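Undergrad: Sequence below, structure please.
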Amino acid sequence: MRRHVAARDSKAYRRAEAPCECPGDDRRARSRRMPWLLLTAACASTFLVTGSGVVRAPFLLDMARDLNASLAATANLFSLTAGAWGVAALFAGAASDRFGRLPLLLLAHGLLVGGTVGMATAGGYAAVAVWTAVAGAGGGCHMGVIFAALSDRVADGQRGRAMGWIITGQSLSFVVGVPFAAWLGTLTDWRGVMLCVAGADLVAAVGLWLALRGPAASAGDAAPASTGAPVSLAAALAVGPRLGMLLAAGVTERVCFGLVAVYFATLLQLRYGVSLGALTLPLAAMAAGNLLGNALGGSLADRLPDRERTFVLSSAATAALAVALFAWDPGLVGCVALGFLYSFANAIGRPALMAVLGEAPARTRGALMGFNITCASVGWIAAAALGGLLIERFGPAALAPPAAAIACLGAWLAARARRLAPPAPRP
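TA: Sure thing, here's the model as predicted:
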């Protein structure tokens with residue numbers, strides 16, 4: 001309670017002490033504006049980066065036949081992508097603290113374009129696997145660095161919405177990217193789709209270059225809060241208990257999201273016998289919940305003084321809805337509605353978490369954001385492995401206890417981190 005009052009008083013004090021802002025003061029007006037070019041470029045590029053992996057989902061059978069490989073081996077290319085993604089994110093974020101955000105982003109998209117073209121032209125499974133790892137490394141290099149780049153250029157009061165734009169790009173890859181790729185595949189094949197992704201990503205890379213070629217200091221009061229020489233990766237990741245708990249909470253959120261993102265279609269097929277063609281609307285409803293949750297979560301992260309509490313409430317709601325979604329059979333329409341609510345509740349907390357991590361000093365921000373992406377990759381891999389094992393042995397209802405327990409763990413970790421937060425400054 002005392003912390004909430006202090007944060008509220010601190011915000012009121014800053015508003016009261018703010019100098020008079022005249023309409024003609026262009027410099028202050030610029031500092032208050034959101035960097036819309038950068039936000040658009042970040043959303044579009046993240047859409048393509050995430051989509052470069054997930055758009056392969058409709059073509060697993062075609063790829064297996066083309067590459068003369070089993071379906072399991074072809075599906076394991078997703079795990080290869082996630083592994084390369086996580087490792088690359090860890091080092092790219094720290095490198096961006098030392099060499100700058102733009103050079104690392106250009107490197108990321110160079111790897112992504114090269115890897116995607118390599119997949120499209122490879123003759124066998126082994127070559128496709130190698131190029132998949134290259135493209136995955138490019139995706140990992142992008143994600144941590146783009147979060148840090150936006151954090152550099154927006155004020156703290158805008159950071160939640162800015163993080164929401166990037167997360168929206170990720171969500172759109174599921175809502176729009178996968179269905180569009182499936183339609184495009186009717187005009188060409190999976191190799192043609194990969195070439196189209198590579199061409200679109202080249203355009204997105206140009207947009208990032210245009211948006212980031214100016215210095216971060218041009219954002220005025222949104223400039224990085226800390227200056228100084230970059231530190232080593234080990235030193236940057238020597239986080240205290242609070243940040244460590246928040247990073248662990250982020251893993252729990254990704255596990256909860258991964259369980260529904262990967263296995264919601266399987267749940268509908270096993271429980272209700274829904275055909276592959278009829279899955280489009282239920283999956284779109286689930287993805288729409290994620291989109292709306294990200295939008296609301298970004299706004300709440302900027303409007304409410306207590307971002308950790310937003311994540312706590314989001315995780316608690318996710319735990320309750322996990323029991324309802326996986327353990328209860330309310331009928332097909334009810335199950336789809338629960339999938340929407342589950343995705344909505346789960347997504348509300350992520351922008352708040354990313355906004356808190358974005359408060360890190362600029363000289364270590366890239367390393368921390370990259371490490372967060374590495375942790376998120378672990379969450380995805382854990383969700384895929386755990387969900388598949390439980391469904392195969394016990395059915396979809398078996399997902400309810402671990403999903404609820406993991407969400408409750410995330411809520412507890414965020415609540416503990418909230419108690420360790422430094423007190424808000426007082427006048």
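
Undergrad: Beyond the helix or strand Ala249 falls within, next helix or strand please.
TA: Assessed by DSSP states H and E, Ala249 sits inside helix 241-272. Using DSSP H and E, the helix or strand that follows helix 241-272 towards the C-terminus is helix 280-303.

Undergrad: list the helices and strands that following helix packs on?
TA: helix 159-172, helix 241-272, helix 307-327, helix 332-357 (3 or more CB pairs under 8 Å, 6 or more residues apart in numbering; DSSP states H and E). All C-beta atoms are positioned from the backbone trio N, CA, C, and that covers glycine.

Undergrad: Residues in contact with stretch 344-354: which ones?
TA: When contacts are defined by CB atoms under 8 Å, 6 or more residues apart in numbering, stretch 344-354 is touched by residues 147, 160-161, 163-164, 166-167, 171, 246, 249-250, 253, 256-257, 260, 289-294, 296-298, 300-301, 307-308, 310-315, 317-318, 321, 372, 407, 414.

Undergrad: switch to 7 Å and redo it
TA: 147, 160, 163-164, 167, 246, 249-250, 253, 256-257, 289-290, 292-294, 296-298, 300-301, 307, 310-311, 314-315, 317-318, 321 (CB atoms under 7 Å, 6 or more residues apart in numbering).

Undergrad: now stretch 243-261
TA: For stretch 243-261, the external contacting residues (CB under 7 Å, 6+ apart) are 174, 286, 311, 315, 318, 322, 339, 342-343, 346, 349-350, 353, 356-357, 371-372, 375-376, 378-380, 382-384, 387, 399, 403, 406-407, 409-410, 413-414, 416-417.

Undergrad: Surely Val323 and Pro401 touch.
TA: No: with contact defined as CB atoms under 7 Å, Val323 does not reach Pro401; the gap is 8.2 Å.

Undergrad: Low-confidence ranges, the stretch 251-400 of the chain, go.
TA: By pLDDT under 70, the low-scoring segments of the stretch 251-400 of the chain are 276-277.

Undergrad: which ones are touching Ile266?
TA: Small correction: residue 266 is Thr, not Ile. Here Thr266 is in contact with Ile391 (CB under 7 Å, 6+ apart).

Undergrad: Okay, it and Gly144: tell me how far apart.
TA: Noted for Thr266: a distance of 30 Å to Gly144, by CB to CB, to the nearest Å.

Undergrad: Check the protein and tell me which residue is nearest its centre.
TA: Ile167 (4.8 Å; CA atoms, centre = their mean).

Undergrad: my guess is that residue contacts Gly293, does it?
TA: No: the pair Ile167 and Gly293 fails to qualify as a contact (CB under 7 Å) at a distance of 9.3 Å.

Undergrad: where's the host helix or strand of Ala94 relative to the chain centroid, distance-wise?
TA: Ala94 belongs to helix 71-99 when elements are defined using DSSP H and E. Its chain's C-alpha centre and that of helix 71-99 lie 14 Å apart, by CA atoms, centre = their mean, to the nearest Å.

Undergrad: now do stretch 148-159
TA: Worked out by CA atoms, centre = their mean, stretch 148-159 lies 16 Å from the chain centre.

Undergrad: where's Val193 relative to Gly177, distance?
TA: 10 Å.

Undergrad: Sorry, slip of the keys, the one I care about is Pro401.
TA: Counting by CB to CB, the gap from Pro401 to Gly177 is 32 Å.

Undergrad: more neighbours, these two?
TA: Neighbour totals were compared for Pro401 and Gly177, and Gly177 leads with 23 against 14 (other CB atoms under 10 Å).

Undergrad: residues contacting the nearest residue to the residue nearest to the centre of the chain once chain neighbours are set aside?
TA: Closest residue in space to Ile167, ignoring its immediate chain neighbours: Asn294 at 4.7 Å, by CB to CB, 6 or more residues apart in numbering. By CB under 7 Å, 6+ apart, Asn294 lies in contact with 164, 167-168, 171, 347, 350-351.

Undergrad: Then Ala322?
TA: Ala322 neighbours (CB under 7 Å, 6+ apart): 256, 342, 400, 403-404, 407.

Undergrad: Looking at the helices and strands packed on helix 280-303, spot the one closest to Gly207.
TA: helix 159-172 (12.1 Å; CB to CB).

Undergrad: residues of that closest one that come out buried?
TA: Applying a neighbour-count criterion of 16 or more other CB atoms under 10 Å, one finds 159-172 buried in helix 159-172.

Undergrad: which other helices and strands contact the following helix or strand past that helix?
TA: Downstream of helix 159-172, the next assigned helix or strand under DSSP H and E is helix 178-185. Contacts defined by 3 or more CB pairs under 7 Å, 6 or more residues apart in numbering; DSSP states H and E place helix 178-185 against helix 190-212.

Undergrad: per-domain residue ranges of the protein.
TA: 38-224, 232-422 (automatic domain parsing).

Undergrad: quick one: average pLDDT of the shortest one?
TA: So the one you mean is domain 38-224. Averaging pLDDT along domain 38-224 gives 84.

Undergrad: quick one: that domain to chain centroid distance?
TA: Per CA atoms, centre = their mean, the centroid offset for domain 38-224 relative to its chain is 11 Å.

Undergrad: cool, the last one as well?
TA: When C-alpha coordinates are averaged (CA atoms, centre = their mean), domain 232-422 and its chain have centres 10 Å apart.
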